[in-house]
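>>> Structure for the following, please:
(one chain, ligands or ions: 1)
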Amino acid sequence: VAKRLEKFKTTIFTQMSMLAIKFGAINLGQGFPNFDGPEFVKEAAIQAIKDGKNQYARGSGTPDLNSAIAARFKKDSGLDVDPDKEVTVTSGCTEAIAATMLGLINPGDEVIVFAPFYDSYEATMSMAGAKIKCITLRPPDFAVPLDELKSVVTKNTRAIMINTPHNPTGKMFTRAELEQIASLCIENDVLVFADEVYDKLAFETEHISIASLPGMYERTVTMNSLGKTFSLTGWKIGWAIAPPHLTWGLRQAHSFLTFSTSTPMQSAAAVALRAPETYYDELRSDYSAKKAILVEGLKAAGFIVYPSSGTYFVMVDHTPFGCENDVVFCEYLIKEVGVVAIPTSVFYLNPEEGKNLVRFTFCKDEDTLRAAVERMKERL
Ligand code: GLN
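Here you go, the predicted model:
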């Protein structure tokens with residue numbers, strides 16, 4: 001394997017889902033729903049295939065989907081973007097992240113990330129040759145330590161990667177935090193790469209796109225996807241929204257990574273994004289009920305549960321059960337309790353920082369969540 005990928009292992013999500021199958025454990029690890037996406041979207045995909053929308057799509061996305069993305073972004077953030085010049089459809093947000101890193105970062109550029117971070121950030125930064133600067137968000141509230149952040153911004157800082165709502169903590173960046181990040185970026189001419197795939201799973205406060213703050217659109221790449229919001233994680237439809245000068249860079253990478261994204265799925269994605277607001281309201285209310293089952297259950301089982309206000313994840317501290325670290329605890333949980341969670345130490349540059357923390361997902365039907373909770377209450 002090439003040096004730039006030497007340190008990375010099989011992703012923790014794949015490892016844990018394989019163990020779930022092997023031990024017949026209930027999988028509250030990898031974040032994929034165990035229920036299907038909406039009928040009207042699936043029907044639209046079948047129709048598109050039957051209608052012969054089966055050849056390469058335009059590289060930057062089918063015009064219809066680009067327009068639907070721009071319209072949704074306008075509704076959500078208030079920003080007017082040009083669907084043809086500022087929206088790029090990618091194969092999932094994961095490709096948008098890779099294309100952004102590879103298309104906009106030069107070897108040696110410093111990029112700041114907040115730990116715990118989604119694993120692909122570090123791997124794609126490594127592929128781009130970026131120098132990683134890491135700021136740790138700490139429990140209980142995972143607030144941004146502003147002074148630490150200020151101390152790592154230098155003239156070599158090219159970008160700050162943010163993820164709100166945040167995987168794996170469920171933290172949502174507050175308006176004050178986003179404003180502070182924005183003013184640092186404007187002062188130091190730094191870009192922001194914003195992963196907002198959980199924007200529709202904001203339970204307490206409105207999601208804020210950092211691109212919508214004054215002076216920020218011109219320096220921000222906003223990334224999102226269909227998978228989480230429409231329970232279609234296997235479709236791999238994502239996108240990046242950025243001003244033309246940044247879009248140019250990420251499109252150059254996208255052109256040579258995947259060239260274009262599945263045509264019929266883009267057609268169905270456009271139908272999905274035109275769903276009425278009631279679709280999103282129902283999604284949130286279903287997920288609130290699921291979250292309540294999991295959070296109450298985890299507390300009753302004896303975990304220290306940290307507040308999660310967005311995403312479909314909850315972070316807990318497992319130390320009441322006496323295991324030496326997150327990996328040992330998760331092994332015990334799979335083998336002796338029959339439940340899978342994600343150990344979080346891989347989401348830190350310094351794994352020690354995550355050794356007490358474990359992530360559970362509640363993107364499962366209520367019976368599955370109840371069954372997992374019962375096992376943990378009985379067997380932990
Ligand atoms: N985003 C999903 C999660 O955090 C997993 C994606 C993946 O398996 N790469 O669980």
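>>> For the chain, which segments count as helices?
When secondary structure is read from DSSP state H, the chain shows helices at 12-23, 39-50, 63-77, 83-86, 92-104, 119-128, 146-152, 175-188, 244-257, 263-273, 277-301, 326-332, 366-379.
>>> who does the fifth one touch, helix- and strand-wise?
When contacts are defined as 3 or more CB pairs under 8 Å, 6 or more residues apart in numbering; DSSP states H and E, helix 92-104 packs onto strand 87-90, helix 119-128, strand 191-195, strand 220-225, strand 238-241, helix 244-257. C-betas here are computed from N, CA, C, even on glycine.
>>> Let me know the pLDDT of the closest residue to the ligand within the stretch 51-200 of the chain.
Residue of the stretch 51-200 of the chain nearest the ligand, by CB to the nearest ligand atom: residue 167 (5.1 Å). Reading off the per-residue confidence, residue 167 sits at a pLDDT of 98.
>>> ditto for the one 4 residues further on
Each residue has a pLDDT score; the one for residue 171 is 98.
>>> sorry, back to before: any idea which of the helices of the chain is most buried?
Among those, ranked by average contacts under mean count of other CB atoms under 10 Å, first place goes to helix 92-104 (a mean of 26).
>>> Are that one and the ligand in contact anywhere?
No - contact between helix 92-104 and the ligand is absent, the nearest approach being 6.7 Å (criterion: CB under 6 Å from any ligand atom).
>>> Could you list the residues of the chain in contact with the ligand?
The chain has residues 11, 13, 30, 31, 167 near the ligand, with proximity defined as CB under 6 Å from any ligand atom.
>>> which of those has the most neighbours?
If you count neighbours using other CB atoms under 10 Å, the busiest of the residues of the chain next to the ligand is residue 167, which has 25 neighbours.
>>> Mind putting the helices and strands packed on helix 92-104 into CSV with distance to residue 287?
As requested, these are exported to CSV (distance: least, CB to CB, whole Å):
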stretch, distance to residue 287
strand 87-90, 25
helix 119-128, 23
strand 191-195, 19
strand 220-225, 17
strand 238-241, 20
helix 244-257, 30
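>>> Surely residue 266 is in contact with residue 237?
Yes - using CB atoms under 8 Å, residue 266 is in contact with residue 237, at 6.5 Å.
>>> list residues touching both of the two?
Both residue 266 and residue 237 are in contact with 65, 89, where contact means CB atoms under 8 Å, 6 or more residues apart in numbering.
>>> ok so, going back, pipe the helices and strands packed on helix 92-104 into JSON lines and attach mean pLDDT per row.
Formatted as JSON lines, the entries for the helices and strands packed on helix 92-104 read as follows, by pLDDT from 0 to 100:
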{"stretch": "strand 87-90", "mean pLDDT": "99"}
{"stretch": "helix 119-128", "mean pLDDT": "97"}
{"stretch": "strand 191-195", "mean pLDDT": "99"}
{"stretch": "strand 220-225", "mean pLDDT": "99"}
{"stretch": "strand 238-241", "mean pLDDT": "99"}
{"stretch": "helix 244-257", "mean pLDDT": "98"}
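>>> what about residue 278, distance to the ligand?
Relative to the ligand, residue 278 is positioned 26 Å away (criterion: CB to the nearest ligand atom, to the nearest Å).
>>> Run through who's touching stretch 263-281.
So stretch 263-281 is in contact with 38, 40-42, 44-45, 48-49, 53-57, 61-62, 64-65, 67-69, 71-72, 89, 200, 226, 229-230, 232, 235-237, going by CB under 8 Å, 6+ apart.
>>> Endpoints of that stretch, how far apart?
With CA to CA, to the nearest Å applied, stretch 263-281 spans 28 Å between its terminal residues.
>>> rewinding a little: distance to residue 4 added to the helices of the chain, as JSON lines?
Shown next, in JSON lines, are these (distance: least, CB to CB, whole Å):
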{"stretch": "helix 12-23", "distance to residue 4": "19"}
{"stretch": "helix 39-50", "distance to residue 4": "36"}
{"stretch": "helix 63-77", "distance to residue 4": "31"}
{"stretch": "helix 83-86", "distance to residue 4": "30"}
{"stretch": "helix 92-104", "distance to residue 4": "12"}
{"stretch": "helix 119-128", "distance to residue 4": "5"}
{"stretch": "helix 146-152", "distance to residue 4": "22"}
{"stretch": "helix 175-188", "distance to residue 4": "27"}
{"stretch": "helix 244-257", "distance to residue 4": "15"}
{"stretch": "helix 263-273", "distance to residue 4": "30"}
{"stretch": "helix 277-301", "distance to residue 4": "37"}
{"stretch": "helix 326-332", "distance to residue 4": "25"}
{"stretch": "helix 366-379", "distance to residue 4": "38"}
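>>> per-stretch mean pLDDT over those helices, give me the minimum one.
Note on the helices of the chain: helix 12-23 shows the lowest mean pLDDT, a mean of 93.
>>> centre of the chain versus that one, how much separation?
If you compare the mean C-alpha spot of helix 12-23 with that of the full chain, they lie 20 Å apart, counting by CA atoms, centre = their mean, to the nearest Å.
>>> which outside residues touch it?
In this structure, residues lying in contact with helix 12-23 by CB under 8 Å, 6+ apart are 9, 25-27, 29-31, 119, 330, 334-335, 338, 340-343, 346.
>>> if we go to 10 Å?
Counting contacts by CB atoms under 10 Å, 6 or more residues apart in numbering, the residues outside helix 12-23 that touch it are 9-11, 25-32, 118-119, 327, 330-331, 334-336, 338-347, 359.
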